[in-house]
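Asker: the sequence and its predicted three-dimensional model are supplied below.
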Amino acid sequence: MMGSCVKCRGDVHSSDQACQAMGQIFHISCFTCCVCNKQLKGKAFYYFSGKMFCEADYLYSSVKQFAEVCTSCGYLISDTLIQALGKSFHPDCFCCVVCKEKLEGQPFNVDTQNKIYCVKDYQRFLAQVCAACGLLILPSEGSNEIVRVVSMGRNYHVSCYEGKSDI
């Protein structure tokens, strides 16, 4: 005996009546598409929401339409997902493009191309420098919004711009 079939729980006695998929043993007759009941041994199949689908039923049915796909890696999200910026991500894929720090539950910034950065890397690489004082223009404490004045192609803190009479 080889073990028990995951689907029917019956004994699997020989390798000619069994197949292995996803690290589990099935009777060949039990390893089937949940929609059309075709056998899947040796064929492409999809596992989604605890069910197995043949390629045709998965690709051409409404199942795929309701599946969340990770914006970063393009693979299906079958477990925990993060939604940010109107998009879905695996928790491991929602990370800074520079340092790869995971950003679940953390503050983050986005550039003009919707690339995601941790606050530290965004400030280091993308924050504007004030033309008057030479310091980075960052959000005020307790805020996530950067307020700046742009005049004649130069960036200023609001207070630095208001304080300069020769600008």
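Answerer: Yes, it's here.
Asker: what pairs with the residue most central in space within the chain across the strands?
Answerer: By C-alpha atoms, centre = their mean, the mean C-alpha position of the chain lies nearest to Phe89, the distance being 2.0 Å. For Phe89, the beta-bridge partners are Ile82 (DSSP bridges).
Asker: that one and Phe125, how far apart?
Answerer: 21 Å (C-beta to C-beta, to the nearest Å). Where C-beta positions appear, they are placed from N, C-alpha and C, glycine not excepted.
Asker: same deal with Arg148?
Answerer: 17 Å.
Asker: out of these two, which sits in the more crowded spot?
Answerer: Taking neighbours as other C-beta atoms under 10 Å, Arg148 and Phe125 compare with Arg148 leading, 16 against 11.
Asker: could you chop this protein up by domain?
Answerer: 3-64, 67-124, 128-167 (automatic domain parsing).
Asker: and the next helix or strand past the lowest-mean-pLDDT helix or strand in the chain?
Answerer: One helix or strand of the chain scores below all others by mean pLDDT, DSSP states H and E: helix 63-66, with a mean of 57. Heading C-terminal from helix 63-66, the first helix or strand you meet, by DSSP states H and E, is strand 68-69.
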